[in-house]
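K.L.:
Next comes the sequence, and after it the predicted model I'd like to discuss.
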Amino acid sequence: MKAFIKIICLVIVVFLLSVSIIAAQETSNTETSSKSVRAFLTAEQKAELKLNREKQIEFRNQFRETLSENQLGILTDPRLTREAKISSLRASLSDNQVNLIKSNRKQIRTGNVAFRNTLTEQQRLRIRRMAISRAQQNRAVYFRARLKNRLKRI
């Protein structure tokens, strides 16, 4: 009887170890996929992406400077959930802050459209394929998490 229990424990440990190894491999695959996107972009496209990223960082810093003490308190309150923080912050935004956000969104949209216009058909297909494989990986991770939760209940 004790030998049977030891065998079952060993099988469970091996199963958990293999699942963690597979999850680690998928994580490394998703990290390399973003690098491979940049591998087939031209130098101008890479520069444009870098410029867009710098604009986003600049906007975040500019927006943080406009936040009042009350708004910073909302963002740092550990008792609030993420959704509650967002709704409370939105309710407390001034007209200038709202206009700043709207102008940033408009700028991001125009930058995205300009970047899309520079892509060739082969680049578009490659990006779509990578997005599909990423979605499949996310689905697999979600499925494994659900399976893991079911096994915990048993």
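P.N.:
Nice, I can see it.
K.L.:
wait, residue 80 sits on residue 86?
P.N.:
No - here residue 80 lies out of contact with residue 86, judged by C-beta atoms under 8 Å, at a distance of 9.3 Å. Every residue, glycine included, has its C-beta placed from N, CA and C.
K.L.:
so the closest residue to residue 59 other than its chain neighbours is in which element?
P.N.:
With C-beta to C-beta, 6 or more residues apart in numbering as the measure, residue 104 is the residue that lies nearest to residue 59, at 4.7 Å, once sequence neighbours are left out. Secondary structure assignment for residue 104, by DSSP states H and E: helix 95-118.
K.L.:
what packs against the next helix or strand after that helix?
P.N.:
Once the chain leaves helix 95-118, the next helix or strand it forms, by DSSP H and E, is helix 121-153. Packed against helix 121-153, as judged by 3 or more C-beta pairs under 8 Å, 6 or more residues apart in numbering; DSSP states H and E, are the following elements: helix 2-39.
K.L.:
sorry, back to before: convert the helix holding residue 104 to CSV, retaining C-alpha atoms only.
P.N.:
Below are the C-alpha coordinates for helix 95-118, written out as CSV (Å, rounded to 0.1, in the frame of the first residue of the first chain):
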residue,chain,number,x,y,z
ASP,A,95,-11.0,68.9,-18.7
ASN,A,96,-7.4,69.6,-19.5
GLN,A,97,-6.4,66.0,-18.6
VAL,A,98,-9.3,64.6,-20.7
ASN,A,99,-8.2,66.7,-23.7
LEU,A,100,-4.6,65.6,-23.2
ILE,A,101,-5.7,61.9,-23.3
LYS,A,102,-7.8,62.5,-26.4
SER,A,103,-5.0,64.2,-28.2
ASN,A,104,-2.7,61.4,-27.3
ARG,A,105,-5.1,58.7,-28.6
LYS,A,106,-5.5,60.6,-31.8
GLN,A,107,-1.7,60.9,-32.2
ILE,A,108,-1.3,57.1,-31.5
ARG,A,109,-4.0,56.3,-34.1
THR,A,110,-2.3,58.4,-36.8
GLY,A,111,1.1,56.8,-35.9
ASN,A,112,-0.4,53.3,-36.2
VAL,A,113,-2.0,54.1,-39.5
ALA,A,114,1.3,55.6,-40.8
PHE,A,115,3.2,52.5,-39.7
ARG,A,116,0.6,50.1,-41.3
ASN,A,117,1.0,52.0,-44.6
THR,A,118,4.7,51.2,-44.6
